[in-house]
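**Student:** Mind looking at a prediction? Sequence and model below.
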Amino acid sequence: QAYSGTPPEEKEKIVWVRFENADLNDTSRNMEFHEIHSTGNEPPLLLLIGYSDGMQVWSIPISGEAQELFSVRHGPVRAARILPAPQISAQKCDNFAEKRPLLGVCKSIGSSGTSPPYCCVDLYSLRTGEMVKSIQFKTPIYDLHCNKRILVVVLQEKIAAFDSCTFTKKFFVTSCYPCPGPNMNPIALGSRWLAYAENKLIRCHQSRGGACGDNIQSYTATVISAAKTIKTGLTMVGKVVTQLTGTLPSGATEEEILAHSNLRRSPLVPGIVTIIDTETVAEGQVLVSEDSDSDGIVAHFPAHEKPICCMAFNPSGMLLVTTDTLGHDFHVFQILTHPWSSSQSAVHHLYTLHRGETEAKVQDISFSHDCRWVVVSTLRGTSHVFPINPYGGQPCVRTHMSPRVVNRMSRFQKSAGLEEIEQELTSKQGGRCSPVPGLSSSPSGSPLHGKLNSQDTYNNFTNNNPGNPRLLPLPSLTVVLPLAQIKQPMTLGTITKRTGPYLFGAGCFSIKAPCKSKPAPQISPSKSVGGEFCVAAVFGASRSWFANNSGLKREKDQSKQFVVESLYIISCYGSLVEHVLEPRPLSTAPKISDDTPLEMVTCPRASWTLVRTPQWNELQPPFNANHPLLLAADAVQYYQYLLAGLVPPGSPGPITRHESYDSLASDHSGQEDEEWLSQVEIVTHTGPHRRLWMGPQFQFKTIHPSGQTTVISSSSSVLQSHGPSDTPQPLLDFDTDDLDLNSLRIQPVRSEPVSMPGSPRPAADRRGVSTVIDATS
């Protein structure tokens with residue numbers, strides 16, 4: 001193009017991007033991926049792109065050849081989701097089974113045409129092309145979320161949830177905190193739990209734990225605190241300048257929202273998170289108040305001091321990452337629930353992920369599949385890669401340099417008894433979240449932390465629940481800095497310079513070399529339209545390997561060579577880039593051991609240009625039966641029928657794979673159980689992996705006599721009772737000439753197997769007592 005002088009192709013403007021989880025890449029319910037480790041069959045990436053006119057769906061399978069699945073131009077789309085097949089049972093059947101897969105869309109002009117813009121959700125069938133359901137609202141919709149149980153519609157300060165099978169309303173929440181944006185009402189939807197920002201803290205429902213002070217123990221801590229006072233002055237100046245120049249963003253500022261809220265009911269409290277269980281929560285309004293019971297409320301806790309901007313669950317749903325409107329620190333919480341109520345649950349603050357000291361709004365959070373890496377993308381177009389462990393603790397060479405997740409404690413730590421010594425020390429000194437005032441060892445001693453420590457309710461917890469293992473000791477908070485910060489290039493040309501021969505571009509269906517077009521003028525992301533730069537990130541198996549070695553067959557171990565999966569980032573210019581992440585021990589470390597900190601090398605390996613041009617044809621339903629989305633929906637629905645013990649519609653008779661439809665649900669006979677048990681290998685002991693002299697493995701304890709009846713010896717059959725006045729004259733099975741019998745204590749019938757440090761003991765027993773020796777052992 002540069003040589004011939006033809007103008008570069010016009011591209012359509014991208015408004016939002018999102019990586020989707022649907023039936024097509026559902027590894028747990030799609031039978032195609034069940035043999036994933038033996039066949040190397042990896043799920044494709046599914047990508048949704050929203051344009052100023054219409055939207056598009058892409059699939060990037062493991063082969064690396066991008067395939068367009070859906071494309072339409074019907075006006076601007078605010079949010080869209082491909083709904084997964086719902087969970088069904090004998091009591092609950094899917095009303096839309098023959099119409100699936102369904103696409104939920106929130107468009108500017110709804111199906112009715114009369115309602116205000118973005119006020120209705122239309123559900124289209126990709127099988128037949130017809131609209132099967134339209135849900136109307138009075139206020140604008142901000143986002144859609146879905147899982148196999150519910151469809152969640154996010155409105156301003158409200159959330160409405162609908163059943164996946166019938167699309168009737170299940171429950172709604174009206175007490176959300178108003179966030180200034182870009183995400184007006186941040187929520188996180190896991191496979192079963194729903195987290196949202198509550199507008200007040202209700203003490204009787206508050207879970208133990210929550211956010212602790214950010215103890216940044218770096219050498220910059222003092223500089224940062226000094227800089228904060230200057231920064232507040234600068235932001236004030238900045239706001240005045242932007243107001244004068246008239247470039248203030250359209251969203252309401254934080255102060256305006258708070259002023260608006262103060263006019264009405266009691267003042268709102270920012271930074272509070274409530275997690276509800278979408279299965280057990282009552283139908284109708286979900287209300288967290290002093291008078292309401294805690295049915296369905298899993299946890300309720302303070303997460304930040306500022307309003308919450310973005311939230312996400314990890315794949316297992318046990319970890320929650322939250323970010324506030326400042327974007328300096330992101331918090332990682334572990335949710336430990338209690339079957340009684342949310343006040344008995346514990347929320348462990350495992351990590352504070354420290355991004356930096358400039359303000360940035362977070363737009364996307366993504367976990368790796370093994371939950372050892374989390375990527376947080378901001379509106380400046382930067383993706384920050386943080387290492388974490390699902391159980392907390394400092395990320396190091398041992399935890400992040402192996403392809404598999406390692407246990408919390410190494411074999412050395414377990415056998416050396418280091419953890420018990422550590423626990424004894426912390427219990428003496430008062431832990432990080434110690435109930436004793438003034439003993440919190442958090443250096444910054446944040447005011448939020450102080451409020452939590454002086455909870456009156458804490459005493460009730462310890463008195464009522466001596467056996468609640470969720471409460472203490474809380475794990476120590478770890479501050480983690482990003483190992484990599486990946487900034488999105490403005491154009492493809494800028495990557496080409498850095499990556500050289502590795503780069504390839506994928507057009508619609510083919511892989512071709514990158515075009516040498518003239519790079520567009522460089523503009524910084526903060527200066528782009530509206531000052532925002534939308535990106536989305538996801539982890540997945542490497543696809544660049546296939547492209548560079550297309551002739552070779554992929555070996556089974558080929559995917560195992562990478563410790564971390566590749567990171568895929570799509571920018572608002574429509575270029576999807578695969579970044580290869582290589583963690584390694586810190587190069588400045590004098591000696592590499594298990595606890596050596598990490599550093600990371602990142603390198604862009606492959607690129608796909610997926611942005612649509614006005615010349616492209618639309619790709620609209622109805623689709624053929626062999627369309628990937630339809631095939632995936634059929635496979636998952638079939639699997640759901642089998643799980644529920646029902647006969648799939650249109651099936652030709654009994655299935656050979658499982659003997660009968662109800663074989664998965666029914667109880668097997670005892671004989672089969674025995675056969676199954678014989679296949680189980682039970683390991684009760686592993687060989688000595690440490691030498692005896694390498695650590696304190698044995699403890700010698702004194703056994704104290706308790707009772708009058710004594711056993712003479714294990715091989716002797718004589719039992720002799722005696723009163724306090726009698727002198728014991730034991731009959732022993734060996735020659736007693738050389739023994740001083742007074743010094744030999746007779747073994748009592750009952751003894752304390754291990755004398756615990758805290759066990760009460762008579763004063764007489766504390767004097768020097770000789771150890772028992774069994775004569776025949």
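**Tutor:** Nice, thanks for sending it over.
**Student:** Please make it C-alpha for all contacts and neighbour counts, starting now.
**Tutor:** Noted.
**Student:** Would you map the strands across the stretch 301-450 of the chain?
**Tutor:** Under the criterion DSSP state E, counting those that start in this stretch, the stretch 301-450 of the chain contains strands at 308-313, 319-324, 329-336, 346-354, 362-367, 373-378, 382-387.
**Student:** and the fourth one, which strands flank it?
**Tutor:** Read that as strand 346-354. Take DSSP bridges as the rule and strand 346-354 pairs in its sheet with strand 208-209 (parallel), strand 329-336 (antiparallel), strand 478-480 (parallel).
**Student:** Using CSV, list the CA coordinates for that strand.
**Tutor:** C-alpha atoms of strand 346-354 as CSV (Å, rounded to 0.1, in the frame of the first residue of the first chain):
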residue,chain,number,x,y,z
ALA,A,346,-14.0,-15.2,57.4
VAL,A,347,-12.5,-13.1,54.7
HIS,A,348,-8.7,-13.4,54.6
HIS,A,349,-6.8,-10.5,53.0
LEU,A,350,-4.1,-12.5,51.2
TYR,A,351,-2.5,-9.9,48.9
THR,A,352,-2.2,-6.2,48.2
LEU,A,353,-1.2,-5.9,44.6
HIS,A,354,0.6,-2.5,44.4
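**Student:** residues in contact with that strand?
**Tutor:** With Cα atoms under 8 Å, 6 or more residues apart in numbering as the contact definition, strand 346-354 has outside contacts at 207-212, 214, 299, 301, 328-338, 386, 388, 391-393, 470-471, 474-482.
**Student:** and Leu336, how many neighbours?
**Tutor:** Leu336 has 20 neighbours, counted by other Cα atoms under 10 Å.
**Student:** so what pLDDT did it get?
**Tutor:** We have a pLDDT of 93 for Leu336.
**Student:** Likewise for the one 5 residues further on?
**Tutor:** Confidence per residue is given as pLDDT, and for Ser341 that number is 87.
**Student:** what's the burial count for the nearest residue to it once chain neighbours are set aside?
**Tutor:** Closest residue to Ser341 apart from its sequence neighbours, by Cα to Cα, 6 or more residues apart in numbering: Ser294 at 5.8 Å. Ser294 has 21 neighbouring residues, counting by other Cα under 10 Å.
**Student:** about what we covered before: looking at the strands of the stretch 301-450 of the chain, which is closest to Trp616?
**Tutor:** Closest of the strands of the stretch 301-450 of the chain to Trp616 is strand 362-367, at 28.9 Å (criterion: Cα to Cα).
**Student:** Now the residue nearest to Ser164 when sequence neighbours are not counted, what are its backbone angles?
**Tutor:** Closest residue in space to Ser164, ignoring its immediate chain neighbours: Ile150 at 4.7 Å, by Cα to Cα, 6+ apart. Main-chain dihedrals, Ile150, degrees, to the nearest 10: phi -140, psi 160.
**Student:** Now do the contacts for Ile150.
**Tutor:** Taking Cα under 8 Å, 6+ apart, one finds Ala161, Phe162, Asp163, Ser164, Thr278 in contact with Ile150.
**Student:** As JSON lines, these with secondary structure would be great.
**Tutor:** Formatted as JSON lines, the contacts of Ile150 follow (DSSP: H, G, I helix; E, B strand; the rest coil):
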{"residue": "Ala161", "secondary structure": "strand"}
{"residue": "Phe162", "secondary structure": "strand"}
{"residue": "Asp163", "secondary structure": "strand"}
{"residue": "Ser164", "secondary structure": "coil"}
{"residue": "Thr278", "secondary structure": "coil"}
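**Student:** now, which of those residues sits nearest Val132?
**Tutor:** Ranked by distance to Val132 (Cα to Cα), the contacts of Ile150 are led by Ser164 at 13.2 Å.
**Student:** hang on, the closest one packs against Leu151?
**Tutor:** Yes - the criterion here is Cα atoms under 8 Å, and Ser164 meets it with Leu151 at 6.0 Å.
**Student:** Break down the stretch 51-200 of the chain into its strands, ranges please.
**Tutor:** With DSSP E, counting those that start in this stretch as the criterion, the stretch 51-200 of the chain has strands spanning 55-60, 67-72, 77-83, 102-107, 120-125, 131-136, 141-146, 150-155, 158-163, 169-173, 187-189, 193-198.
**Student:** With mean pLDDT and distance to Pro267 added, can I get those in a markdown table?
**Tutor:** Output for the strands of the stretch 51-200 of the chain, formatted as a markdown table (pLDDT from 0 to 100; distance: least, Cα to Cα, whole Å):
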| stretch | mean pLDDT | distance to Pro267 |
| --- | --- | --- |
| strand 55-60 | 95 | 40 |
| strand 67-72 | 94 | 45 |
| strand 77-83 | 95 | 31 |
| strand 102-107 | 94 | 32 |
| strand 120-125 | 94 | 31 |
| strand 131-136 | 93 | 31 |
| strand 141-146 | 94 | 24 |
| strand 150-155 | 95 | 21 |
| strand 158-163 | 95 | 18 |
| strand 169-173 | 94 | 18 |
| strand 187-189 | 96 | 21 |
| strand 193-198 | 95 | 12 |
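**Student:** Quick check: which of these is nearest to Gln620?
**Tutor:** Nearest of these (Cα to Cα): strand 67-72, 6.0 Å.
**Student:** picking that back up, highest mean neighbour count out of the strands paired with strand 346-354?
**Tutor:** When you average the neighbours per residue for each of the strands paired with strand 346-354 (mean count of other Cα atoms under 10 Å), strand 208-209 leads with a mean of 26.
**Student:** Next up, the contacts around the spatially closest residue to Leu610 that is not a sequence neighbour.
**Tutor:** Closest residue to Leu610 apart from its sequence neighbours, by Cα to Cα, 6+ apart: Gly574 at 5.2 Å. By Cα under 8 Å, 6+ apart, the contact list for Gly574 reads Ile14, Thr609, Leu610, Val611.
**Student:** Ok, Glu12 next?
**Tutor:** By Cα under 8 Å, 6+ apart, the residues touching Glu12 are Tyr51, Ser52, Val611, Arg612, Thr613, Pro614.
**Student:** now Thr280
**Tutor:** Thr280 neighbours (Cα under 8 Å, 6+ apart): Asp295, Gly296.
**Student:** cool, and Pro44?
**Tutor:** Per Cα under 8 Å, 6+ apart, neighbours of Pro44: Leu24, Asn25, Ser59, Ile60, Pro61, Ile62.
**Student:** Would you mind naming the residues that bridge with the fourth one?
**Tutor:** Spelled out, that is Ile60. On the basis of DSSP bridges, Ile60 is bridged to Leu45.
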